[in-house]
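A.B. asks: A structural model of the following input is requested.
(one chain, ligands or ions: 2)
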Amino acid sequence: MDTVAYQSRRIVSGMRPTGQLHLGHYHGVLKNWIKLQHEFDSFFFVADWHALTTHYENSHVIEESVWEMVIDWLAAGIEPASATLFLQSRVPEHAELHLLLSMITPLSWLERVPTYKDQQDKLKEKDLSTYGFLGYPLLQSADILVYRAGQVPVGEDQVPHVELTREVARRFNHIYGREADFEDKAEATIKKMGKKNAKHYINLRKAYQEQGDTEALQAARELLKSQQNLAAADTERLFGYLEGGGKVILPEPNALLTPASKMPGLDGQKMSKSYNNTISLRESDQSVAEKIKRMPTDPSRVRRTDPGNPDRCPVWQLHEVYSDDEQKAWVQHGCRTAAIGCLDCKSPLIDSIIAELKPMRDRAAMFSQQPEEVRRIIDEGNAAARDVAQETLNDVRIAMGLTYK
Ligand code: TRP
Ligand code: SF4
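C.D. replies: Ligands and ions are numbered 1, 2, ... in the order given. Now for the predicted structure:
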């Protein structure tokens, strides 16, 4: 049963708290969030429990990282008026849903998630043979499903986690989506759409169920999405009825792939704290200039008069991010003919990066001086997120028979 998330205007994404962010985070993730916050009902959160799966032995470092990261989100342009910003551990419904989902999740589904073995191999110095670490992707599934998000902005590496989320949601709906009087309720709900739409829905459903007409299925989904007078539970029920199964309690989300970022580190490798090749979002002008000036260049340019090849130079990768066509042509020609020196080549990059960072650094300084304002933003986000999460948990508890009325 391929159930679509009808609330497809909602997105949710999380970031593990890593402290102050750098240009790799900005170009790789934040710029995308900043754009999406205006297009979707956006929920962005600090995944502090996820950080605990790998940092359980030094859990006290997480707190400071949380606040530094939130300051950088705000500094970069995430707007609390446009997006709901919150802290995972302040919305305990994530944990409750995680626990409930764990009851129906086969161990083998978790063991075969590629990041499980990859990360264990990569972080050899840590003992990651824990229950919590195996459950990492299922906690992520709970993060997503608790908001019934339609889409999840993530990088390529996280796609298997969204895929797992879909499978878990499908299994949940299959097991718990069957109410005793489901058909009667669905038939009664159809009537709420009005005569014309009801007839249309019935015909489309028939075409899909009797002839497997997937276009009819699509049309019926669109019809349901456009029904503003139906309550969320009604719409869910009709989505489920459409496809023959039960009620869709937890809709299956889709990955919304983040465009791959070309932002290199100072040595040409991926920018990452562990490679010590970063420029932080709060880097001073002077430090930006020094770091860029110290960047290695094409080793064949020993003397100023030796021509070079941008393809062998990490500085060129930065031009790919920051320079327009004209400037790129200037680099290509100047480098290959030794018409420019490497410091000439670096100079416009220093200017571009400084110009990009200046407003962020100023805003970060402002928020750092107002910690209570940052706390207030997150408190408000926590409360708004909880409202949505509690609604979902209510439905989940009812579906599972855990209300004990
Ligand atoms: N696992 C994600 C990462 O490492 C972070 C994350 C946690 C997340 N929960 C999420 C991302 C929910 C998207 C949705 O980047
Ligand atoms: Fe690199 Fe520019 Fe020097 Fe060429 S001129 S080697 S691209 S820094």
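
A.B. asks: Just to check, P253 is in contact with L164?
C.D. replies: No - with contact defined as C-beta atoms under 8 Å, P253 does not count as touching L164 (11.0 Å). The C-beta positions use only the backbone N, C-alpha and C, and glycine is treated the same way.

A.B. asks: more crowded one of those two?
C.D. replies: More crowded of P253 and L164, by other C-beta atoms under 10 Å: P253, with 26 against 19.

A.B. asks: need the contact list for that one.
C.D. replies: Neighbouring residues of P253 by C-beta atoms under 8 Å, 6 or more residues apart in numbering: A5, I144, L145, A149, G150, Q151, V152, V162, T165, R166, A169.

A.B. asks: Mark which of the residues you listed are part of helices, please.
C.D. replies: I144, L145, V162, T165, R166, A169 (DSSP state H).

A.B. asks: Would you mark the buried spots in the lengthiest helix in the chain?
C.D. replies: For the chain, the helix with the greatest residue count under DSSP H is helix 371-400. Of all the residues in helix 371-400, those buried under the rule 16 or more other C-beta atoms under 10 Å are 374, 377-378, 381-382, 384-386, 388-389, 391-393, 395-396, 399.

A.B. asks: elements contacting it?
C.D. replies: Counting by 3 or more C-beta pairs under 8 Å, 6 or more residues apart in numbering; DSSP states H and E, the packing neighbours recorded for helix 371-400 are strand 41-46, helix 61-76, strand 83-87, helix 93-102, helix 159-176.

A.B. asks: so which of the ones you listed comes closest to K225?
C.D. replies: In terms of C-beta to C-beta, the element of the helices and strands packed on helix 371-400 nearest to K225 is strand 41-46, at 14.3 Å.

A.B. asks: near ligand 1, which residues of the chain?
C.D. replies: Contact residues, the chain versus ligand 1 (C-beta under 6 Å from any ligand atom): V12, S13, G14, R16, A47, H50, Q140, D143, I144, V152, V154, Q158.

A.B. asks: what helix or strand is the third one on?
C.D. replies: To tie it back to what came earlier, the one meant is G14. Assigned by DSSP states H and E, G14 belongs to strand 10-15.

A.B. asks: how big is the angle separating that strand from helix 93-102?
C.D. replies: Relative orientation of strand 10-15 and helix 93-102, computed by axes from the mean of the first three to the mean of the last three C-alpha atoms, to 10 degrees: 100 degrees.

A.B. asks: tell me the mean pLDDT over the following helix or strand past strand 10-15?
C.D. replies: Sequence order places helix 23-25 as the next helix or strand after strand 10-15, per DSSP H and E. Averaged across helix 23-25, pLDDT comes to 97.

A.B. asks: So what touches helix 23-25?
C.D. replies: With contact meaning C-beta under 8 Å, 6+ apart, helix 23-25 is reached by 15, 72, 261, 263, 265, 270-272, 278-281, 353.

A.B. asks: Next step: the residues you listed restricted to strands.
C.D. replies: M15 (DSSP state E).

A.B. asks: which residues in the stretch 201-350 of the chain form strands?
C.D. replies: 254-257 (DSSP state E, counting those that start in this stretch).

A.B. asks: who in it is up against ligand 2?
C.D. replies: Applying C-beta under 6 Å from any ligand atom, we find that the stretch 201-350 of the chain lies next to ligand 2 at 297-298, 301, 308, 310, 313, 315-316, 331, 335, 340, 342, 345-346.

A.B. asks: Out of the residues you listed, who's the most crowded?
C.D. replies: Neighbour counts for these, by other C-beta under 10 Å, peak at C335, which reaches 27 neighbours.

A.B. asks: now that residue, nearest residue through space, not along the chain?
C.D. replies: Among residues not flanking C335 along the chain, G308 sits closest, at 4.7 Å (C-beta to C-beta, 6 or more residues apart in numbering).

A.B. asks: Could I get the contacting residues of the one you found?
C.D. replies: T297, D298, S300, R301, C335, R336, A338, C342.

A.B. asks: repeat for R90
C.D. replies: So R90 contacts I378, N382, R386 (C-beta under 8 Å, 6+ apart).

A.B. asks: And V66, by the same measure?
C.D. replies: Contacts of V66 by C-beta under 8 Å, 6+ apart are P17, V46, D48, L87.

A.B. asks: Smallest gap between this structure and ligand 1, at which residue?
C.D. replies: Using C-beta to the nearest ligand atom, the single residue of the chain nearest to ligand 1 is G14, 3.3 Å away.

A.B. asks: sorry, back to before: within reach of ligand 2, which of the contacts of R90 are there?
C.D. replies: Among the contacts of R90, no residue sits close to ligand 2 (C-beta under 6 Å from any ligand atom).

A.B. asks: for those residues, which one is nearest ligand 2?
C.D. replies: Nearest to ligand 2 among those, with distances taken as C-beta to the nearest ligand atom, is I378, at 42.0 Å.

A.B. asks: Please name the nearest non-neighbouring residue to the closest one.
C.D. replies: L87 (5.7 Å).

A.B. asks: ok now do that neighbour, which residues does it touch?
C.D. replies: The contact partners of L87, taken as C-beta under 8 Å, 6+ apart, are F45, V46, D48, V66, I378, G381, N382.

A.B. asks: Quick check: the last one touching V91?
C.D. replies: What that stands for is N382. Yes - counting by C-beta under 8 Å, N382 does reach V91; the two are 6.2 Å apart.

A.B. asks: The closest residue to L30 other than its chain neighbours: neighbouring residues, count only.
C.D. replies: Spatial nearest neighbour of L30, excluding adjacent residues (C-beta to C-beta, 6+ apart): A76 at 4.6 Å. Counted by other C-beta under 10 Å, the residues lying close to A76 total 21.
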